[in-house]
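> here is a sequence together with a model predicted from it:
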Amino acid sequence: MLVLVDKDIKKLLSQKALRSLSRSSLDAFVQPASLDLPVGKEIFLVDQKFLPLWWSVEKHLLRHQVKKVRLRRWEKYTLFKGQTYLIPVLDISLPEGIEWRLSPKSSIGRIDLLVRGVFDNVAMYDIIPTWSKWRLRLEVTPQSFNVDISPGVSLSQLMFLAGQKRGEIKVEELKEQILLSSNHSMMVDGKLVFTIDLEWEVVWYKAISTSKVIDLTKTSFYNPEDFFKPVKLDPCKAFKRLTLRAGDFYIFATKEIINVPLNIALEWQPFSHLLGELRVHYAWFFDPGFRAKGVMEVRARENIKLYDGQPIGMFEIYFTKWAPATPYWSAGNNYQGQKWPRLAKFFKEN
């Protein structure tokens, strides 16, 4: 299937196929090939995670709701790490033949905020309901930091797909365009494989334990060292390597520069058993026009050693329906041209 771009998404909005549960107009949240989703005014604290097999989310909330909060437009509410919240976001009634993918936004992934979609009567995360009208709720779990949220803040994004794909995608012909500065040619099941860069002066960041709060309405406000520890490797060692500790949260950069042509969108695969017991990258989409090092969020499930240039993740490639009217590089985004593990937009330039 083909990825819909900004002008297609705006057409869906004009048809009232998507209705925000905040007071924000969705037109302001259109990206080159995706749609940012502002959160609504209600927040439910729950006593445990659940997937609503057989029943609606509302019926499950009768058993698991601890607290319900309704916010005014600019009112803020603190989500505490280790707790889980449900936040209604969007009512959706898509035309027949349109599919979608849901992903956290890049800045949200980089502060270790786990965000997944939950739907009535569907017992899997982020799975498309088969009926025509449904409500998207986000299950939100801060894992490293407390965060302040208010209606209109975007935690996630949708990518839409429709129509027939233009024949088989020949990855061999595209990999030189997409993965620049690559010294390898590894592919698995038609997916591009990228590697970890451990050659920089600061090669990675590790989340530290803190009770401080990140306000998601602020930009370039916080000192990164209040939340992350920058780590350097010994420059005298012949082999650049490091050990990830199980359960810790890290931020790294890819060795390759990721260049996304205007007729392509990428989806980053968050986990593959082929690459070890670790989750790589919470935010999955790369819009057409993106060109920079990829920055990944990593949490290992067991202690694991990584070496410079080691494969650590894979891309799924999609064709777009056509070039977007506003490519990523001209859309005022935060991460174009990044050359090192840059942190989220909430932090001062690191």
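Nice, I can see it.
> how is the protein partitioned into domains?
The chain breaks down by automatic domain parsing into domains covering 2-162, 171-330.
> list the contacts of L45.
Q65, V66, K67, K68, V69, Q83, T84, Y85 (Cβ atoms under 8 Å, 6 or more residues apart in numbering). C-beta here means a position set from N, CA and C on the backbone, and glycine is covered the same way.
> make it 7 Å
Contacts for L45 (Cβ atoms under 7 Å, 6 or more residues apart in numbering) come out as V66, K67, Q83, Y85.
> next, format the domains of the chain as JSON lines and append mean pLDDT.
JSON lines is the format used below for the domains of the chain (pLDDT from 0 to 100):
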{"stretch": "domain 2-162", "mean pLDDT": "91"}
{"stretch": "domain 171-330", "mean pLDDT": "85"}
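> out of those, which is closest to E349?
Of all those, domain 171-330 sits nearest to E349, with 7.0 Å by Cβ to Cβ.
> what about that closest one, distance to the chain center?
Distance of domain 171-330 from its chain centroid, counting by Cα atoms, centre = their mean, to the nearest Å, is 11 Å.
> next one: stretch 31-49
In this view, stretch 31-49 has its centroid 13 Å away from the chain centroid, taken as Cα atoms, centre = their mean.
> just give me the neighbour total for D8.
Using other Cβ atoms under 10 Å, D8 has 19 other residues around it.
> quick one: it and K321 touch, right?
Yes: look at D8 against K321 with Cβ atoms under 7 Å: they come within range, at 6.2 Å.
> now do the strands in the stretch 1-150 of the chain.
Under the criterion DSSP state E, counting those that start in this stretch, the stretch 1-150 of the chain contains strands at 2-3, 18-20, 35-38, 42-46, 65-70, 77-79, 84-93, 98-104, 113-118, 133-142, 146-149.
> mind listing the helices for the chain?
Assigned by DSSP state H, the helices in the chain fall at 6-14, 57-64, 106-109, 171-178.
> which of those helices sits most buried?
Scoring these by mean neighbour count under mean count of other Cβ atoms under 10 Å gives helix 106-109 as the most buried, with a mean of 23.
> mind giving me the packing neighbours of it?
Contact partners of helix 106-109 among helices and strands, from 3 or more Cβ pairs under 7 Å, 6 or more residues apart in numbering; DSSP states H and E: none.
> need the strands of the stretch 1-150 of the chain in TSV (columns: distance to I257).
Formatted as TSV, the strands of the stretch 1-150 of the chain follow (distance: least, Cβ to Cβ, whole Å):
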stretch	distance to I257
strand 2-3	21
strand 18-20	34
strand 35-38	25
strand 42-46	39
strand 65-70	43
strand 77-79	34
strand 84-93	33
strand 98-104	21
strand 113-118	27
strand 133-142	31
strand 146-149	31
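> ok, which of the ones you listed comes nearest I264?
Closest among these, using Cβ to Cβ: strand 2-3, at 8.4 Å.
> rewinding a little: just so I know, which of the helices of the chain lies nearest V46?
Among these, if distance is taken as Cβ to Cβ, the winner is helix 57-64, at 4.5 Å.
> what separates that closest one from the chain centre, distance-wise?
27 Å.
> contacts for it, please.
Contacts of helix 57-64 (Cβ under 7 Å, 6+ apart): F44, V46, D47, Q48, F50, P52, L86, V118, D120, R137.
> switch to 8 Å and redo it
Counting by Cβ under 8 Å, 6+ apart, F44, V46, D47, Q48, F50, P52, L86, V118, F119, D120, R135, R137 sit against helix 57-64.
> of these, select the buried ones using a ChimeraX command.
Per 16 or more other Cβ atoms under 10 Å, the buried members of the contacts of helix 57-64 correspond to this ChimeraX selection:
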select :44,46,50,52,86,118,119,120,135,137
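> could you report the distance from I127 to H60?
Using Cβ to Cβ, to the nearest Å, I127 is found at 16 Å from H60.
> and the nearest residue to K348 once chain neighbours are set aside, how many neighbours?
Of all residues not flanking K348 in the chain, S220 sits nearest, at 5.4 Å (Cβ to Cβ, 6 or more residues apart in numbering). The number of residues packed near S220 is 10, by other Cβ under 10 Å.
> S220 contacts L343, correct?
No: the criterion here is Cβ atoms under 8 Å, and S220 misses it with L343 at 10.5 Å.
> pull the distance from stretch 23-33 to the chain's centre.
17 Å.
> quick check: buried residues in that stretch?
By 16+ other Cβ under 10 Å, the buried positions in stretch 23-33 come out as S24, L26, F29, V30, Q31, P32, A33.
> surely the second one touches A17?
Okay, so that is L26. No: counting by Cβ under 8 Å, L26 stays clear of A17, with 10.1 Å between them.
> which stretches of the stretch 251-350 of the chain form strands?
264-269, 278-280, 285-286, 291-300, 304-307, 311-319.
> save these as JSON lines, and put in mean neighbour count and distance to A162 too.
Formatted as JSON lines, these follow (neighbours: other Cβ atoms under 10 Å; distance: least, Cβ to Cβ, whole Å):
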{"stretch": "strand 264-269", "mean neighbour count": "22", "distance to A162": "13"}
{"stretch": "strand 278-280", "mean neighbour count": "20", "distance to A162": "28"}
{"stretch": "strand 285-286", "mean neighbour count": "26", "distance to A162": "16"}
{"stretch": "strand 291-300", "mean neighbour count": "22", "distance to A162": "26"}
{"stretch": "strand 304-307", "mean neighbour count": "15", "distance to A162": "39"}
{"stretch": "strand 311-319", "mean neighbour count": "20", "distance to A162": "11"}
